[in-house]
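Participant: Give the three-dimensional model of this entry:
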Amino acid sequence: MSLGRMWVLLLFVALAVYPFLPLAEANRGEQFTILFIYAILALGLNVVMGYAGLLHLGIAAFFGIGAYTVGILTVPFLPFQQSFLVAALAAVVVSAAVGIAVTAPILRLRGDYFALVTLGLGLITLYAIRNLDAITEGTKGMNPIEAGPLPGIPDTVDMSAWRLRPDWSMRWYKYPYLYFLSLGTLAVVMLLLRNLEASRLGRAWVALREDELASACMGLNPARLKLAAVALGAGLAGLAGAFYAMALRTTGNPQAYDFTLSIIMVCCVILGGLGNRSGVLLGTFILMGFDRIITNILDNELQALQQRLNLGFGGQAYTKVSGWKLMIFGTVLILMMRFRPEGLLPEARHQRELHPEVAEAQGEAAAKIEAGETIRDK
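Facilitator: Residues are numbered from 1 along each chain as shown. Have a look, this model is predicted:
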C-alpha cells in the first residue's frame with residue numbers, strides 16, 4: 001500500500017474512533033461533521049476541475065440547490081414530508097440535472113469564458129433563492145428541517161440503544177450519528193472516485209484535460225465527457241448540501257452559498273493537489289479546519305490573553321485571527337502558487353510535468369531496485 005493511501009486509511013480510522021475517546025467533545029464532533037461535508041463538496045469540484053480540467057466557479061450553487069431540495073421536501077409547512085434518504089437522493093438528482101441543463105448550452109466555451117458563465121450561474125442561483133419567498137422563505141432560510149433517516153421512521157426515533165456515552169444525543173440527526181453517517185458517506189465517495197479514476201471514463205477525462213482536440217481526434221466525445229463530469233460534480237455537491245442542511249436543521253441564510261464558498265473550495269482543491277483525491281481531502285481539512293476549528297480556538301486563547309494582560313482593546317476585529325483569515329488564505333495561496341504550484345499532494349502526472357528532475361530521480365531509483373532484484377534472482 002502506498003504512503004498516500006496509508007495516511008488516508010489511518011485518518012479515517014482515527015476519525016471513526018474519535019467519538020469513543022474520553023476527551024471527545026460533542027461540539028468538536030459537530031464541527032468535524034461540517035468538515036466532512038465540505039470534503040464531499042471539494043471532491044465534487046475536483047471531478048470537474050481536476051479530472052476534466054474545467055474551471056468551475058459556481059460549485060456553491062449546486063451545494064445550495066441540494067440544501068434547499070432537502071428543505072423543500074422535509075419542512076413541516078410544505079406538504080411533502082419526506083425522509084432524509086429520499087430527500088438526499090432527490091438533492092443529488094436535482095443538482096445533477098441542473099448542472100447538465102445549464103452546462104449543455106455552453107459546451108463550446110473554454111477556459112476563462114467557461115469560468116465566467118459558471119460564476120454567473122452561482123449569482124443567478126443565489127438571486128433566485130432570495131426572491132422565491134413562497135418556496136425558499138427568502139433570506140430567512142427554511143426551518144426546521146424535520147426528517148426521519150428512512151421512510152416510515154420519524155425524526156424523533158429513540159436512539160437510546162445506541163447511546164454509548166452520556167454526551168451522545170438521543171436524536172439521529174445529531175452527534176455522533178450524523179457524524180458517522182457523513183464520515184461513512186465521505187469514505188464511499190473516496191472509493192467511488194478511486195474506482196472511477198481507473199475506469200475508461202476516468203482515463204477519458206484525463207485525456208480531455210490534457211488536450212481536448214487530441215482527445216476528439218482519438219474518437220472521444222468532449223461534449224459528453226464534460227456533461228458527465230459536471231453531472232457527477234454537481235451531484236456530489238448536492239449530496240453535500242443535503243447533509244449540510246440536515247446537520248444545521250435549516251438551510252440557513254442564502255449567503256452561505258455565495259461566490260466566496262466556491263472560491264474557498266477552489267482553494268482547497270489547489271492547495272491539496274489538483275486531480276488527487278487524497279490531496280483534495282488534505283487541502284480541505286487544512287483550509288476548512290483552520291476556518292471552522294482552529295480560528296475559534298485561537299480567538300478564544302487571544303481573548304483570554306488580553307483579559308489576563310488587561311490590554312483594553314479586546315473584541316476588535318484586528319485582534320482576532322478570524323478577522324485576518326481571508327488575508328491568511330490569500331497569502332498561503334500566493335506562496336503555494338509560487339513555490340509549490342502542484343499542491344501539497346500532487347497527482348503523479350502533474351508532479352512529473354512540473355518537476356521532471358524528481359520524476360527522473362524516481363525512475364533511476366526504481367531501475368536500480370529492479371536491477372538489484374534481477375541480480376539476486378540470478
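Participant: For the strand or helix carrying residue 70, which helices and strands make contact with it?
Facilitator: Assigned by DSSP states H and E, residue 70 belongs to helix 59-74. Packing partners of helix 59-74 (3 or more Cβ pairs under 8 Å, 6 or more residues apart in numbering; DSSP states H and E): helix 26-46, helix 84-103, helix 111-131, helix 133-136, helix 222-248, helix 259-272. Glycine gets a C-beta too; all of them are placed from N, C-alpha and C.
Participant: okay, now residue 310: neighbour count?
Facilitator: 7 (other Cβ atoms under 10 Å).
Participant: Now do the same contact list for it.
Facilitator: Residue 310 makes contact with no residue under the criterion Cβ atoms under 8 Å, 6 or more residues apart in numbering.
Participant: Could you report the distance from it to residue 299?
Facilitator: 18 Å (Cβ to Cβ, to the nearest Å).
Participant: And for residue 139?
Facilitator: Counting by Cβ to Cβ, the gap from residue 139 to residue 299 is 27 Å.
Participant: the more surrounded of those two?
Facilitator: Higher neighbour count among residue 139 and residue 299: residue 299, with 15 against 12, using other Cβ under 10 Å.
Participant: Identify the residues contacting the more buried one.
Facilitator: With contacts defined as Cβ under 8 Å, 6+ apart, residue 299 is in contact with 320-322.
Participant: What of residue 97?
Facilitator: Applying Cβ under 8 Å, 6+ apart to residue 97 gives no contacts.
Participant: same deal with residue 88?
Facilitator: With Cβ under 8 Å, 6+ apart, residue 88 has these contacts: 70, 239, 242-243, 246.
Participant: repeat that with 7 Å
Facilitator: Listed by Cβ atoms under 7 Å, 6 or more residues apart in numbering, the contact set of residue 88 reads 70, 239, 242.
Participant: and of those, the nearest to residue 117?
Facilitator: The closest of the contacts of residue 88 to residue 117 turns out to be residue 239 (Cβ to Cβ; 23.7 Å).
Participant: residue ranges with poor pLDDT in the protein?
Facilitator: Across the chain, the ranges flagged by pLDDT under 70 are 1-4, 311-318, 349-378.
Participant: care to break it down by domain?
Facilitator: The chain breaks down by automatic domain parsing into domains covering 20-259, 349-378.
Participant: Let me have those domains in CSV, adding distance to residue 10 as columns.
Facilitator: Below are the domains of the chain laid out as CSV (distance: least, Cβ to Cβ, whole Å):
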stretch, distance to residue 10
domain 20-259, 13
domain 349-378, 22
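Participant: Considering the contacts of residue 88, which possesses the most neighbours?
Facilitator: Within those, most neighbours by other Cβ under 10 Å means residue 242, with 33 neighbours.
Participant: Might one say that that one is in contact with residue 66?
Facilitator: Yes: applying Cβ atoms under 7 Å as the test, residue 242 and residue 66 come out as touching, 4.8 Å apart.
Participant: So for these two, which residues contact both of them?
Facilitator: With Cβ under 7 Å, 6+ apart as the test, residue 242 and residue 66 both reach residue 91.
Participant: quick revisit: what angle do the helix holding residue 70 and helix 84-103 make?
Facilitator: 140 degrees (axes from the mean of the first three to the mean of the last three Cα atoms, to 10 degrees).
Participant: Just the CA coordinates for helix 59-74, please, in CSV.
Facilitator: Provided in CSV are the C-alpha atoms of helix 59-74 (Å, rounded to 0.1, in the frame of the first residue of the first chain):
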residue,chain,number,x,y,z
ILE,A,59,-20.0,24.8,-7.3
ALA,A,60,-21.6,26.6,-4.3
ALA,A,61,-24.8,26.9,-6.4
PHE,A,62,-25.2,23.1,-6.5
PHE,A,63,-24.4,23.0,-2.8
GLY,A,64,-27.3,25.4,-2.2
ILE,A,65,-29.6,23.5,-4.6
GLY,A,66,-29.0,20.3,-2.6
ALA,A,67,-29.7,22.0,0.7
TYR,A,68,-32.9,23.7,-0.5
THR,A,69,-34.1,20.5,-2.1
VAL,A,70,-33.9,18.8,1.3
GLY,A,71,-35.5,21.8,2.9
ILE,A,72,-38.5,21.8,0.5
LEU,A,73,-39.0,18.0,0.9
THR,A,74,-38.8,18.0,4.7
